[in-house]
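> Quick check, what structure comes out for this input:
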Amino acid sequence: MRTQPSETARFTDHLWDRTKELRGAIDELEFLRRLGDGTLPLEVFRTYVEQDSLYLAGYSKTLSLLAAKSPDPETARFWAQSAGSAVAVETALHQDLLTGGRIPERTDEPEHSTACLAYVSYLIATAATESYAVGAAAALPCFWIYAEVGRDLAATASEVLAADPEHPYAQWVSTYGAAEFQESAATARSLVDAAAATAGAKDLSAMETAFVIATRYELMFWDTALHPQPWPAG
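Numbers count the residues shown, from 1 in each chain. Sure thing, here's the model as predicted:
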């Protein structure tokens with residue numbers, strides 16, 4: 001049975017505990033280990049960057065929808081600024097990595113992987129059709145889990161750079177732990193707590209479900225970069 005937040009506990013603490021097993025599986029992913037230690041094959045890294053760029057384009061739409069539904073101007077400003085940041089990062093990914101000559105180039109246009117398309121479609125649909133609170137809960141894992149994973153990746157990548165300053169992507173990975181992103185993740189978490197504080201039982205239950213589903217997609221998105229699940233032919 002789903003629990004309601006107490007007066008002292010944060011609702012997001014409950015969400016974090018609820019996804020403990022999924023987060024443990026994320027921490028154990030071969031893809032993340034090899035991304036951090038610099039042993040990920042360059043063609044796999046390229047695939048990840050391409051998919052991340054496609055994901056960010058969809059995620060920015062999710063954040064824009066949350067801005068439009070926000071309960072107050074300050075909340076709307078955060079989601080809108082985050083949407084703009086996602087677009088800026090997408091542009092930087094293309095310019096600095098996909099066309100910079102450091103990783104193999106592809107001649108055709110990339111298409112969404114099965115996990116990427118499912119994830120962004122779920123986020124956009126949830127933000128568009130569910131309440132603001134549920135949409136915010138669905139968007140939170142991308143902020144929060146990415147921030148947690150990013151700290152470890154950045155530390156490992158720094159060690160790689162110390163041994164090989166010319167490593168083709170370790171410098172980019174080392175930016176994962178940037179203070180600005182950590183602060184954004186903390187703000188997103190606070191906004192979900194604020195939404196939960198005024199939500200009814202039905203929305204609280206839906207918020208938990210949305211957070212769990214998005215966390216599952218976080219796991220699948222990263223894993224399929226190294227272990228792809230191809231679309232059916234045709």
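> what about residue 186, helix or strand, and which?
For residue 186, the element it lies in under DSSP states H and E is helix 179-197.
> same question, residue 222
helix 201-226.
> Who are the packing partners of that helix?
helix 11-18, helix 20-27, helix 30-37, helix 42-69, helix 114-129, helix 132-163, helix 179-197 (3 or more CB pairs under 8 Å, 6 or more residues apart in numbering; DSSP states H and E). All C-beta spots, glycine's among them, are computed from the backbone N, C-alpha and C.
> what about residue 84, how many residues close to it?
By the criterion of other CB atoms under 10 Å, residue 84 has 14 neighbours.
> how near is it to residue 57?
For residue 84, the distance to residue 57 (CB to CB, to the nearest Å) stands at 13 Å.
> Show me the contact partners of the helix or strand of the chain with the lowest mean pLDDT.
Within the chain, confidence by mean pLDDT, DSSP states H and E is lowest for helix 170-173 among all helices and strands, at a mean of 80. In this structure, residues lying in contact with helix 170-173 by CB atoms under 8 Å, 6 or more residues apart in numbering are 35, 36, 38, 96, 97, 153, 154, 156, 157, 160, 161, 164.
> just checking, the fifth one touches residue 48?
No. Proximity of residue 97 to residue 48 does not meet the contact threshold set by CB atoms under 8 Å, at 10.0 Å.
> Grab the nearest non-local neighbour of the residue positioned nearest the centre of the chain.
Centroid-nearest residue in the chain: residue 142, 2.7 Å away (criterion: CA atoms, centre = their mean). In space, not counting the residues next to it along the chain, residue 142 is nearest to residue 59; the distance is 6.3 Å by CB to CB, 6 or more residues apart in numbering.
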